[in-house]
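> Sharing a sequence plus its predicted fold:
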Amino acid sequence: MERKRHPEDPGLHKRNPGYDLDYFVIIPDNAPPHRSMRLPRPNRDYAPMKLFDLSGRVAVITGGNAGIGLGIAKGLAAAGAAIVIAGRRAEKNLAAAKDLEALNVRTAAFEVDVTREESCRAMIDSTVARFGRIDIL
């Protein structure tokens with residue numbers, strides 16, 4: 001199968017200037033052109049975060065105080081999840097939690113060493129005591 005531009009497509013679409021095409025046409029190798037299928041593309045009313053709603057969920061992000069972990073925490077927070085930052089450095093955890101609280105997100109920060117089972121259990125107990133549950137780890 002190959003992706004081809006539909007022959008009637010004028011190019012840059014007026015409704016969606018960010019898209020070169022409003023749709024793609026998929027034509028199987030052995031099918032005549034009239035058997036093509038029109039696939040819709042997202043328009044400006046499309047909201048991908050509505051499809052990824054995490055409202056009311058609690059996410060524990062280990063290493064969520066910087067880098068990729070903080071990016072994941074911000075993404076989950078944008079989807080509506082409450083965020084627990086768990087990491088070895090309490091100062092960095094609190095700084096990351098403050099950044100997330102500025103986005104109106106329920107947040108907690110716990111110092112944890114994931115190589116020690118008792119530290120992990122204490123973090124889980126603290127999270128459940130504060131938020132009542134853990135949905136995402």
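Sure thing, it's come through. Model, not experiment: these values are computed from the prediction. Numbering: from 1, shown residues only.

> who's in contact with the nearest residue to Gly56 once chain neighbours are set aside?
Of all residues not flanking Gly56 in the chain, Gly80 sits nearest, at 7.4 Å (Cβ to Cβ, 6 or more residues apart in numbering). (Each C-beta comes from the backbone N, C-alpha and C, glycine too.) Gly80 makes contact with 53-57 under the criterion Cβ atoms under 8 Å, 6 or more residues apart in numbering.

> Just the buried ones from those?
54, 57 (16 or more other Cβ atoms under 10 Å).

> now the contacts of Gly80 as TSV including secondary structure, distance to Glu118 and pLDDT?
Formatted as TSV, the contacts of Gly80 follow (DSSP: H, G, I helix; E, B strand; the rest coil; distance: Cβ to Cβ, whole Å; pLDDT from 0 to 100):
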residue	secondary structure	distance to Glu118	pLDDT
Asp53	coil	35	87
Leu54	coil	29	90
Ser55	coil	32	90
Gly56	coil	30	91
Arg57	coil	26	94
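
> ok, of the contacts of Gly80, which one's closest to Ile134?
Ile134 lies nearest to Arg57 out of the contacts of Gly80, by Cβ to Cβ, at 9.2 Å.

> give the contact list for that closest one.
Counted by Cβ under 8 Å, 6+ apart, Arg57 has contacts 80-82, 135-136.

> quick one: average pLDDT of the helix or strand Val84 falls within?
Using DSSP states H and E, the element containing Val84 is strand 82-87. For strand 82-87, the mean pLDDT works out to 96.

> again, but for stretch 62-78
93.

> on that earlier part again, kindly supply the PyMOL command isolating those of the contacts of Arg57 that are buried.
In PyMOL, this line selects whichever of those come out buried by 16+ other Cβ under 10 Å:
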select buried, resi 81+82
